[in-house]
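Participant: Pasted the sequence and its predicted model underneath.
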Amino acid sequence: MSAEFTTDNITQLRAVPRGTGWEIRFASGNPACCHQLYVNGWLTDWTDTAAQRAFALDAIFGGPVEILVAAVAPALRRMDFSARLSDAQRNPMWVYRASVVRSHRHGRGDFAALLGDHATGQIDDRPLDRRELRPAWLGECGLGAGPFGSGGFGYDAAAAPGLRGAFGAGPFGLGAELLELSAALAEEGAHQLLVRTIAPDGRGADGEPVVFQAAPPPAPPTAVTITDYDADTQTVTIQIS
């Protein structure tokens, strides 16, 4: 790990219930660094001071969650270093991600939803993830529609996505961007998943379903009971359920 990003010397990592979410506490042997929180391989939060040793995680996940804390140079605390993580950390075997192209065809009130079957073979209409495609006016326009040439390379001065979006996905002269939907899947096995685009009037258009093989980690036991104790051999028999 480099001096600007490291996962070394992070200890005592624990999650404490806090309202409807969690408080993620940790200790760090990197006193001059700020820290970042990665959840299932995604940068979720960062500290603004080197002294902070907790994160507030308000999101509620439907499946397993892997937490990783990294120490970073203070000037780089907002930078996403997920590419430095191992493949298993970036792409947990129980997390499915789908990319959705947001283009000029989508307007205010349009949503993209990720649906799944929970490994049952029947798609559930309750979304695993849902995002508004146009949450606000973005001020985008076609290539050359604004003061062309006034922006940096690949950027129209009137805020068209240009080369930073899903280049080539929109019609000629109109850029597009990628949004990502994701779900942590609790059930082991083959899952059918699809993306549904939902219009303001409730009409939906389904994409092609895909099959994803989820392999979540074993769930922790819900109860540990002592069922027998042999004083002569000092042997304890326990039942885990």
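Facilitator: Everything's here; your move. The shown structure was predicted, so the numbers you read here are calculated from the model rather than taken from an experiment.
Participant: From now on I want contacts and neighbour counts done on CA atoms only, so please keep to that.
Facilitator: Fine.
Participant: Please name the nearest non-neighbouring residue to the residue nearest the centre of the chain.
Facilitator: The chain has residue 42 as the residue nearest its centroid, 4.9 Å off, counting by C-alpha atoms, centre = their mean. With sequence-adjacent residues excluded and distances taken as C-alpha to C-alpha, 6 or more residues apart in numbering, residue 42 is closest to residue 82, at 6.6 Å.
Participant: quick one: that neighbour and residue 44 touch, right?
Facilitator: No: here residue 82 does not reach residue 44: they are 10.6 Å apart, not a contact under C-alpha atoms under 8 Å.
Participant: Quick check: neighbours shared by the two?
Facilitator: Shared contacts of residue 82 and residue 44, defined by C-alpha atoms under 8 Å, 6 or more residues apart in numbering, are found at residue 38.
Participant: Quick check: which ranges of this structure have low pLDDT?
Facilitator: Flagging of the chain using pLDDT under 70 yields the residue ranges 1-2, 59-60, 104, 136-176.
Participant: Helices along that one, start to end?
Facilitator: With DSSP state H, the ranges of helices along the chain come out as 87-90.
Participant: According to the record, where do the domains of it fall?
Facilitator: 5-90, 95-214 (automatic domain parsing).
Participant: so can I have a markdown table of those domains showing distance to residue 223?
Facilitator: Conversion of the domains of the chain to a markdown table gives the following (distance: least, C-alpha to C-alpha, whole Å):
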| stretch | distance to residue 223 |
| --- | --- |
| domain 5-90 | 19 |
| domain 95-214 | 19 |
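Participant: just so I know, which of those domains lies nearest residue 221?
Facilitator: Nearest to residue 221, of all the domains of the chain, is domain 5-90, at 14.0 Å by C-alpha to C-alpha.
Participant: Kindly check the end-to-end length of the closest one for me.
Facilitator: The first residue of domain 5-90 is 15 Å away from its last residue (C-alpha to C-alpha, to the nearest Å).
Participant: go on, stretch 63-70?
Facilitator: Stretch 63-70 has an end-to-end distance of 23 Å (C-alpha to C-alpha).
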